[in-house]
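Chemist: below are the sequence and a predicted model for it; my questions follow.
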Amino acid sequence: MIDLKDVEGWVVTGHHNDVLTYVGPDEPQDQSQIAVGPVGRFRRHRDGTELHVVHVEDKRGSVAPA
């Protein structure tokens, strides 16, 4: 867990350094590491298991017909 300096809240880390989960200060009633960590881990798990794609943008360009 990383305590942020310029923004209120925390960032919960995991096994991969590039995957970070933000937990806002109003979310856990208890703001201890023992309470904030599981909130972030639950969110990360839910994001990975209940993934819902909302937008895909393909910038490869169109292919001319043969």
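Modeler: Thanks, I have the structure now. Keep in mind that this is a model prediction, so the values were computed, not measured.
Chemist: show me the contacts for the residue positioned nearest the centre of the chain.
Modeler: Among the residues of the chain, the one closest to the centroid is residue 21, at 3.6 Å (CA atoms, centre = their mean). Each residue near residue 21 by CB atoms under 8 Å, 6 or more residues apart in numbering is listed here: 11-12, 14, 40-41, 43-44, 47. No exception for glycine: its C-beta is placed from N, CA and C like everyone else's.
Chemist: quick one: secondary structure of residue 34?
Modeler: Classification of residue 34 by DSSP: H, G, I helix; E, B strand; the rest coil places it in helix.
Chemist: for residue 22, same thing?
Modeler: With three-state DSSP as the basis, residue 22 sits in strand.
Chemist: thought it was touching residue 8?
Modeler: No - in this structure, residue 22 is not within contact of residue 8 by CB atoms under 8 Å, at 10.5 Å.
Chemist: let me see the ranges of the helices in the chain.
Modeler: 33-49 (DSSP state H).
Chemist: what's the distance between residue 50 and residue 3?
Modeler: Counting by CB to CB, to the nearest Å, the gap from residue 50 to residue 3 is 28 Å.
Chemist: tell me which of the two has more neighbours.
Modeler: residue 3 (10 against 7; other CB atoms under 10 Å).
Chemist: got the contact list for that one?
Modeler: residue 10.
Chemist: pLDDT score for it?
Modeler: Residue 3 carries a pLDDT value of 83.
Chemist: the one 4 residues further on now?
Modeler: Note for residue 7: predicted pLDDT of 90.
Chemist: so what's the residue count around it?
Modeler: 10.
Chemist: where does pLDDT dip in this structure?
Modeler: For the chain, applying pLDDT under 70 flags the ranges 62-66.
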